[in-house]
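Trainee: I'd like to go over a predicted model; first the sequence, then the structure.
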Amino acid sequence: MTNRFRTASGGRIDRAAPLSFRFDGQTYSGFAGDTLASALIANGVHLIGRSFKYHRPRGFLSAGSDEPNALVNVARDAARAAPNLRATQVELHEGLKAQSQNRWPSLSFDAGAVNDLASPFLPSGFYYKTFMWPAGAWKRFYEPKIRAMAGLGVAPELPDPDRYTQNHAHCDVLVVGAGPAGLAAALAAAESGAKVILCDEQAELGGSLLSEISATIEGQKATDWLAATLANLAGRDNVTLLPRTTAFGYFPHNLIALAERVTDHLATPGTALPRERLWQVRAREVVIAAGALERPLVFPDNDRPGVLLADSARTYANRYGAKVGERAVIFTACDAGYRAALDLKAAGVTISAIADLRAEVSGELPARALAAGIDVRPSTVLVGAKGRLRVSSAQLAKVKNGAVGPTETIACDSVLMSGGFTPSVHLFSQSRGKLVWDGAAGAYLPGTSVERERSAGACRGVHGLQRVLEDGYAQGEAAAKASRDHASPARGATPAPATPSRAFAANAEDLGSAGFIGATPHGRNPALAKAFVDWQNDVTSKDILLATREGMRSIEHVKRYTTTGMATDQGKTSNMNTLGIVSEALDTPVPKIGLTTFRPPFTPTTFGIFAGAARGDVFDPLRKTAIHDWAAEHGAAFEDVGNWKRAHYFPRAGEGGRMEDMHAAVARECKAVRASVGMFDASTLGKIEIVGPDAAEFMNRMYTNAWAKLEPGRLRYGVMLREDGFVMDDGVVGRMAADRFHVTTTTGGAPRVLAHMEDYLQTEWPDLDVWLTSTTEQWSVIAVQGPKAREVIAPLIEGIDLSKEAFPHMCVREGTILGVPTRLFSVSFTGELGFEINVPSTYGRAVWEAVYAAGERFGITPYGTETMHVLRAEKGYIIVGQETDGTATPDDANLGWAVGKAKKDFVGKRSLARDAMSAPDRRQLVGLKTTDPKVVLEEGAQIVADPSAPVPVPMLGFVTSSYHSAVLGRSIALAMVKGGRARIGQKLMVPMPTHAIEVEVVEPVFYDPKGERLNG
Amino acid sequence: MLIITCPWCGARPEVEFRYGGEAHIARPADPSALTDQEWADFLYNRTNPKGLHAERWRHIHGCGRYFNALRDTVSDFFVTTYKAGEPRPDIDASSGGNP
């Protein structure tokens, strides 16, 4: 297919490298160096999308990242598909496949366009008013329908197979934007020896210089100077050049986030490179050289395909050799329209007329346009444009004293508009710098800085190529100096206008700062004219006027009511015109209207770049015990407990070779422990070694229990409270020596408990001579539980007298097991005779296997966390965080016995003395037995006295633990119930959606209430 | 992401630290001597100022030490940091908060 709208020569495309690509199923050709937008324009394609709300046909508005209309889906395959890419930023490569969005069944015939006809019923805020009735219909009907109708791209359904990486970088000077100001800044900083990073969102560095055909710098063509400057920078070791890299976020202390697109522009990306790279740059100084964005004019029908920003049309012609049409009408409020007209005329486009909003038209560019024979009309506006899928004519009218005269229709296939340029202050504003309104420039400009940054060039209102270069150089030099001094306080200091430290000879048209904000007069029926302010969110000037009529005064309210500026382009082309319209409607100066906040990201950023490598198995750290692999080899099913993988149960092949389910496996494991012996990997328990002359005193203050009299070699169950008196953690503590404790914590509580202890030790009692060391991962813990436990381990242990008399329940002894040093606990979380063998974790698996082998003659059964839970619930042992929820006192949890009443103080003691903490109707731990022993209650279920009581039914408590007990042959449950201990023997009800379950309140110990089995 | 200066280790990124609440609230030496109201004040009531706030931070992924900081709650910037046990520096809000 021929490129009918390609210029004969020129541009930065490689005409020797033709590329074939597809858009909406049709094949087109372009050249290397094209964007998808420029290639389509060269093929005469302007219809690129449908608008968000009214489904109006839309074409390209701009040539850069500010593009609101041309959002496309680019897909390599079903998984590698990216929606909502701006076609103006998509680099063409061989075989590229792009699809338009938000249209059905096709782009040229879109059924959703009925919304455009219905637009009188869809004003701004319509969804706040229209869809209020009937109740509930919003969620069920309106919202899903509206979402289906008004949406942008569609996310791919397959997981993203691409790789994304994340870099951290440091530099002296980060320069954002590689236009003339940024290049000069980078040059100045680099020449002074500073470490410089220069990034730009475009594929090629150069910014506006890439669109220059006549400008000169230092006597060279601007593009030659650009090439030489880039070669100079690239040749320096202290400079990193990052094209295709968007500075999308400015975070505190000069942390700038850059998104580098690494492979999207390659026909065959390969696997060696990531698709994108996130750069987190910590820069000593930042130079923002973000340039300026051309403003559209707000006139009726300004959204027809073929209506573009004038300077973008110039970029398509000069940089890409793509003509936006054959015949153009230009509507301008500044000299940019004339510059575009002259360059397009040179490229072979007929300029039918220039309508200039200004009454006085003077200066070099208009003079040259007149000399070139272009029909220039001052005091003239466009009051409309015809052509549904492509503009076919423009209607011009004279404006005199605000009155719009008769219209004249001029045939054309493109309309180019320019309302002047808006400095791009997004990054400066993100850095929390204060913007100030500059009346002369008619723009918000960077004022007081907060971070160590400075703006340079057009983004701070400097215009004219020579001044921009000189400003860039001076700011780059100042930034480099500040980075060396490392003392310049940015806060409160407005960067003084830099004096040129190096003069540049440059010859280029200076557009000045003239322009227009607001909506231009049109004299048409305001109810029917659609003059767009925000193309992407389909907001017209009429919508904004409606918002002001309905009482919105703050720009923040206007924004939210109309959604102007809230689309993915964040109002890059619309913010200033919105302000202008509101300002006029309210007869209030622009700076009094305020300005909405610019937030990251500057342009949409992929989720992949934020996720980086943190996905799938490496999304979160995974913790495994030394015994994990043995459990896996023996068929364990695992569960996640915090970051730990814990063996949940060990299913075996049952009858007929079928694997047991959890219920069968747990029943078997429970019976084995009660009847003979089981073994359990308790290595995930938190462990803290507390050492020092004041260790016992510290323990006394941290735990409710009394520790002073605990003899070395003894264990004690400890309860830890927060200062507010509620149970925070529990665990068995061994006193290894007068000055040494081996503390265990819950699996999930280990870091929290250590931090809690460190807090008190460091900040309240720094006088105590105590050291705290986490030893969680240093010890493997093998619990051997059951009547045969002693017999299993006896042959393996050396140096410890295991006899009942010498080593009773709740003792700790040091010796060896198979020659490995051990701290052996006689402790039980099952109610059976039990031991916990602590060995260095490097020996964990070897000792585990030896114990397993030694236990074989007793049928030793490995069990998992589920069996552990059932066995402890049969004994009424609580789990902190399951029975307690951060509002339970020790007494609530039946742990009053563990509180050292005689102690003068401990963390939480004073809170326990408050009356409310001992009120008789507090929720207390009890057991529940269902009347029907087969029914297992649901954990979390509510408990009531009478389920038929009037709503709201008084809640008495809730079920905290519930299991089927194979040993007892019935269900058991633990619960927290108001005044529970006084209710023992009472019948209560557990209401479920279909029925209520009758339960009896019982003592929470279901098995061996006297505790006789603990001693074997 | 803020850079926070640990008085022991120097400047480090914010992710290495954990906030620890308002500073200079000493646990009473004899809690049992306090009324319920006095104890509740100690437990729950905080100043929540607009401007300079003395607060505790812990260099949890570094030296593990608690230290104190003066942070401007308006700008979110730290004005200074100092070791636990040292008095609050006599600084007013307008003098600091440099990034």
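Mentor: Noted; the coordinates are in hand.
Trainee: Let me know how buried residue 65 is, in neighbour terms.
Mentor: Just so you know, I chose chain A. 18 (other Cβ atoms under 10 Å in any protein chain shown). (Each C-beta comes from the backbone N, C-alpha and C, glycine too.)
Trainee: wrong chain, I was asking about chain B
Mentor: 18.
Trainee: OK, contacts around it?
Mentor: Residue B:65 is in contact with A:762, B:6-8, B:58-59, B:84, counting by Cβ atoms under 8 Å, 6 or more residues apart in numbering or on different chains.
Trainee: same thing but at 10 Å, please
Mentor: A:758, A:762-763, B:6-9, B:57-59, B:83-84 (Cβ atoms under 10 Å, 6 or more residues apart in numbering or on different chains).
Trainee: If you go by neighbour count, which of these are buried?
Mentor: With neighbours counted by 16 or more other Cβ atoms under 10 Å in any protein chain shown, those contain buried members at A:758, A:762-763, B:6-7, B:57-59, B:84.
Trainee: Narrow these to those in strands?
Mentor: B:6, B:57-58 (DSSP state E).
Trainee: low pLDDT regions in chain A?
Mentor: A:1, A:121, A:125-151, A:486-499 (pLDDT under 70).
Trainee: what about the residue of it most remote from its centre, distance to chain B?
Mentor: Outermost residue of chain A with respect to the C-alpha centroid, by Cα atoms, centre = their mean, is residue A:805; its distance is 61.0 Å. In this view, residue A:805 and chain B are 42 Å apart by Cβ to the nearest Cβ, to the nearest Å.
Trainee: got it, and residue A:62?
Mentor: Distance from residue A:62 to chain B, by Cβ to the nearest Cβ: 33 Å.
Trainee: what's that residue sitting at in phi/psi?
Mentor: phi -130, psi -170 (degrees, to the nearest 10).
Trainee: Find the nearest non-adjacent residue to the residue nearest the centre of chain B, please.
Mentor: Nearest residue to the geometric centre of chain B (Cα atoms, centre = their mean): residue B:55, 1.4 Å. Once flanking residues are discounted, residue B:55 sits nearest to residue B:23: 5.2 Å by Cβ to Cβ, 6 or more residues apart in numbering or on different chains.
Trainee: Number of residues surrounding the one you found?
Mentor: Residue B:23: 20 neighbours (other Cβ under 10 Å).
Trainee: Name the SS class of the closest residue to chain B within chain A, please.
Mentor: Nearest residue of chain A to chain B: residue A:910, at 3.6 Å (Cβ to the nearest Cβ). Of the three states, residue A:910 takes helix under DSSP: H, G, I helix; E, B strand; the rest coil.
Trainee: Now it: closest residue in space, sequence neighbours ignored.
Mentor: residue B:31 (3.6 Å).
Trainee: ok, then the element right after the helix or strand containing residue A:319?
Mentor: Assigned by DSSP states H and E, residue A:319 belongs to helix A:310-320. Note on helix A:310-320: by DSSP H and E, the next helix or strand toward the C-terminus is strand A:327-332.
Trainee: Helix A:310-320 and that following strand, what's the angle between them?
Mentor: Here strand A:327-332 runs at an angle of 130 degrees relative to helix A:310-320 (axes from the mean of the first three to the mean of the last three Cα atoms, to 10 degrees).
Trainee: Which SSE is immediately downstream of strand A:327-332?
Mentor: helix A:336-347.
Trainee: Enumerate the positions of that next one that are buried.
Mentor: In helix A:336-347, counting by 16+ other Cβ under 10 Å, buried: A:336-345, A:347.
Trainee: Report pLDDT for the residue nearest to residue B:55.
Mentor: Note for residue B:23: predicted pLDDT of 97.
Trainee: So for the helix or strand where the residue nearest to the centre of chain B lies, mean pLDDT?
Mentor: Taking DSSP H and E as the criterion, residue B:55 maps to strand B:52-58. Per-residue pLDDT over strand B:52-58 has a mean of 97.
Trainee: how far out from the middle of the chain is it?
Mentor: 1 Å (Cα atoms, centre = their mean, to the nearest Å).
Trainee: all helices of chain B, in order?
Mentor: Secondary structure of chain B (DSSP state H): helices at B:36-44.
Trainee: Single out the residue in it that lies closest to chain A.
Mentor: For chain B, Cβ to the nearest Cβ, closest residue to chain A: residue B:31, 3.6 Å.
Trainee: Residue A:913 is in contact with that residue, correct?
Mentor: Yes: between residue B:31 and residue A:913 there is a contact under Cβ atoms under 10 Å: 8.6 Å.
Trainee: Just list the residues touching the spatially most central residue of chain A, thanks.
Mentor: Closest residue to the average C-alpha location of chain A: residue A:610 at 6.8 Å, with Cα atoms, centre = their mean. Contact analysis of residue A:610 by Cβ under 10 Å, 6+ apart lists A:164, A:166, A:257, A:259, A:278, A:601.
Trainee: The second one should be in a strand, yeah?
Mentor: Yes: according to three-state DSSP, the state of residue A:166 is that of a strand.
Trainee: Give the bridge partners for it, please.
Mentor: Beta-bridge pairing of residue A:166 under DSSP bridges involves residue A:278.
Trainee: Kindly report the same for the third one.
Mentor: As for beta bridges, residue A:257 partners with residue A:249, residue A:280 under DSSP bridges.
Trainee: burial of it, as a residue count?
Mentor: 22.
Trainee: how near is it to residue A:247?
Mentor: Look at residue A:257 and residue A:247: by Cβ to Cβ, to the nearest Å, they are 7 Å apart.
Trainee: Which neighbours do these two have in common?
Mentor: Common neighbours of residue A:257 and residue A:247 (Cβ under 10 Å, 6+ apart) are A:279, A:281, A:600-602.
Trainee: can those residues go into a markdown table with extra columns for distance to chain B and neighbour count?
Mentor: Converted to a markdown table, those look like this (distance: Cβ to the nearest Cβ, whole Å; neighbours: other Cβ atoms under 10 Å in any protein chain shown):
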| residue | distance to chain B | neighbour count |
| --- | --- | --- |
| A:279 | 14 | 22 |
| A:281 | 12 | 22 |
| A:600 | 13 | 16 |
| A:601 | 16 | 19 |
| A:602 | 18 | 24 |
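Trainee: Now do the helix holding residue A:319: which elements does it pack against?
Mentor: Packing contacts for helix A:310-320, counted by 3 or more Cβ pairs under 10 Å, 6 or more residues apart in numbering or on different chains; DSSP states H and E, involve helix A:36-42, strand A:292-294, strand A:307-309, strand A:327-332, helix A:336-347, strand A:414-418.
Trainee: redo that, cut-off 7 Å
Mentor: helix A:36-42, helix A:336-347, strand A:414-418 (3 or more Cβ pairs under 7 Å, 6 or more residues apart in numbering or on different chains; DSSP states H and E).
Trainee: okay if I get the ones you listed as CSV plus distance to residue A:557?
Mentor: Formatted as CSV, the helices and strands packed on helix A:310-320 follow (distance: least, Cβ to Cβ, whole Å):
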stretch, distance to residue A:557
helix A:36-42, 35
helix A:336-347, 32
strand A:414-418, 28
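Trainee: Save the ones you listed as a markdown table, and put in distance to chain B too.
Mentor: Putting these into a markdown table (distance: least, Cβ to the nearest Cβ, whole Å) gives the following:
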| stretch | distance to chain B |
| --- | --- |
| helix A:36-42 | 35 |
| helix A:336-347 | 37 |
| strand A:414-418 | 38 |
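Trainee: Quick check: the farthest pair among the contacts of residue B:65?
Mentor: Pairwise distances across the contacts of residue B:65 (Cβ to Cβ) peak at 17.7 Å, for the pair A:763 and B:9.
Trainee: quick one: contacts of the longest helix seen in chain A?
Mentor: Under DSSP H, the helix in chain A containing the largest number of residues is helix A:465-485. Helix A:465-485 is contacted by residues A:172-173, A:175, A:180-189, A:192, A:194, A:215, A:217, A:284-285, A:287, A:289, A:452, A:454, A:456-458, A:462, A:488, A:498-504, A:506, A:508 when judged by Cβ atoms under 7 Å, 6 or more residues apart in numbering or on different chains.
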